[in-house]
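Trainee: got a sequence here, can you build the structure:
(chains A and B)
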Amino acid sequence: LVSWTLMLLANAQLGHFRKTKSLWLKMPQRDLVSWTTMINACVAHGDFAEAKRLFDDMPQRDSVSQTAMVAAYAQCGHLELATRLLQEMPRHNLLCWNAILAATAAEGRISRASQIFEEMPEQDIVSWSTMLSAYAQNGLLDEAKQTFGLMPQHNSTSSTAMLASYAQHKQLRESKVLFDNMLERDVVSWTAMLAAYAHNGHVRHSERLFESLPERDTICWSAMLAALVQNGLYLEAFVVFDEMKMAGSIDKVCFVSILIACSQGGKVSTAKSLFVSMSLDFGFQPSKQHYCCMIDVFGRAGHLENAQDLVANMPYVPD
RNA sequence: GGAUAGGGUCGCCA
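Mentor: You can find the predicted model right below:
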């Protein structure tokens, strides 16, 4: 049973939803853990209705499955349903409160979030970090600083959120002081610091940090790519982009950066083939951001007809 | 073996 569940989880995390589903149907037995894993797989796949059906059909539920469902409701914007489920629960569940708090903040409803934070039966480091990043992500540096100062403890999550907020406001010194004083650093904090250097024009510091890292994930690579592009190092950016392709560490954001490099470097045909390759070879549907970059590529190169064509034919409303 | 918080997204103009 445990190994079946592990396979289920592994496939779900790889995004192989069909495989996950067929494993689920073939499993000889299921328990709370496998049910919850399957619910999360459905949510991750965007099949909220199926997640809800599974939750309703579960032979029994525990606080973990309930939290998963509350988080699913909250992330879909069904905050009322999430809150109702929270109220039906036998005991206070801080994780459910945190999930609702995070979803409220993610909708940009900052004052509502801070109200929920006050109303919660208790707050843990996750609740505090959620409020901190709510302020940080909405550009409210003073509120973020205040929250950071009031928190009973810090960890790499809270420090990184604060670091990124300083970086956003181009306060490199403050970012660096925080980074140096962190007790534990991980790939997320390294990436935030790398980006902070790049935003302040210190791309060589970004590179030095990048090269010293014991581990790098896709976002970290992507931050390095963006750092080079932001600082006008297009040739190096293309080298890094090729390395990323070879390492299989590519996502949609990398294509934004590399299309910007094409635009600034006047590489129209390279941009065109990358734009096609993005969906054909990598399966990423171009976002509005990608279209904007392509329009910029054509516009800067003086290919105004192509730019206008793209605006007229793209599956987005121009802004 | 399952649930909640942190990092990457050009520039210009308004």
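Trainee: tell me who's in contact with A:Met58.
Mentor: A:32, A:35, A:65 (C-beta atoms under 8 Å, 6 or more residues apart in numbering). Yep, even glycine has a C-beta here, placed from its N, CA and C like the rest.
Trainee: dump the residues you listed into JSON lines; add distance to A:Glu215 and neighbour count as well.
Mentor: Shown next, in JSON lines, are these (distance: C-beta to C-beta, whole Å; neighbours: other C-beta atoms under 10 Å):
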{"residue": "A:Leu32", "distance to A:Glu215": "33", "neighbour count": "14"}
{"residue": "A:Trp35", "distance to A:Glu215": "33", "neighbour count": "23"}
{"residue": "A:Ser65", "distance to A:Glu215": "32", "neighbour count": "20"}
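Trainee: who are the contact partners of A:Gly201?
Mentor: Counted by C-beta under 8 Å, 6+ apart, A:Gly201 has contacts A:Asn231.
Trainee: give the phi and psi angles for it, as a check.
Mentor: phi 80, psi 10 (degrees, to the nearest 10).
Trainee: could you check stretch A:29-40 against RNA strand B for contacts?
Mentor: Yes. Using C-beta under 7 Å from any atom of the strand, stretch A:29-40 reaches RNA strand B at A:31-37, A:40.
Trainee: ok, residues contacting that stretch?
Mentor: By C-beta under 8 Å, 6+ apart, stretch A:29-40 touches A:1, A:4-5, A:8-9, A:12, A:20, A:24, A:27, A:51, A:54-55, A:58-62, A:64-65, A:68-69, A:72.
Trainee: returning to that earlier point: next, format the contacts of A:Met58 as CSV and append distance to A:Ser277, pLDDT and secondary structure.
Mentor: Listed next are the contacts of A:Met58 as CSV, based on distance: C-beta to C-beta, whole Å; pLDDT from 0 to 100; DSSP: H, G, I helix; E, B strand; the rest coil:
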residue, distance to A:Ser277, pLDDT, secondary structure
A:Leu32, 44, 96, helix
A:Trp35, 40, 97, helix
A:Ser65, 41, 96, helix
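Trainee: residue contacts, A:Ala82?
Mentor: A:Ala82 sits in contact with A:70-71, A:73-74, A:96, A:99-100, A:103, where contact means C-beta under 8 Å, 6+ apart.
Trainee: burial of the closest residue to it other than its chain neighbours, as a residue count?
Mentor: Among residues not flanking A:Ala82 along the chain, A:Tyr73 sits closest, at 3.7 Å (C-beta to C-beta, 6 or more residues apart in numbering). Using other C-beta atoms under 10 Å, the number of residues around A:Tyr73 comes to 27.
Trainee: and whichever helix or strand A:Tyr73 is part of, what's buried?
Mentor: Element membership for A:Tyr73 (DSSP states H and E) is helix A:63-75. Neighbour-count burial for helix A:63-75 flags A:65-75 (criterion: 16 or more other C-beta atoms under 10 Å).
Trainee: how about stretch A:278-293?
Mentor: Quick answer for stretch A:278-293 (16+ other C-beta under 10 Å): A:278, A:284, A:286, A:290-293.
Trainee: which of those come close to RNA strand B?
Mentor: A:292-293.
Trainee: sorry, back to before: wait, doesn't the residue nearest to A:Ala82 sit right on A:Leu81?
Mentor: Yes. At 4.7 Å, A:Tyr73 counts as touching A:Leu81 under the criterion of C-beta atoms under 8 Å.
Trainee: and the gap between the closest residue to A:Gly232 other than its chain neighbours and A:Val297?
Mentor: Leaving out its chain neighbours, the residue that sits closest to A:Gly232 by C-beta to C-beta, 6+ apart is A:Gln264, at 7.1 Å. Distance, A:Gln264 to A:Val297, by C-beta to C-beta, to the nearest Å: 9 Å.
Trainee: of the two, who's got more company?
Mentor: A direct count of neighbours by other C-beta under 10 Å for A:Gln264 and A:Val297 places A:Val297 higher, at 28 against 15.
Trainee: can you give me the neighbour number for the nearest residue to A:Val268 once chain neighbours are set aside?
Mentor: Nearest residue to A:Val268, sequence neighbours excluded (C-beta to C-beta, 6+ apart): A:Ala301, at 4.8 Å. Neighbour count of A:Ala301, defined by other C-beta under 10 Å: 17.
Trainee: do the same with the one 10 residues further on
Mentor: Residue crowding around A:Val311 was assessed by other C-beta under 10 Å; the count is 16.
Trainee: likewise for A:Leu225?
Mentor: 28.
Trainee: can I assume it is in contact with A:Glu243?
Mentor: No. Using C-beta under 8 Å, A:Leu225 is not in contact with A:Glu243, being 9.4 Å away.
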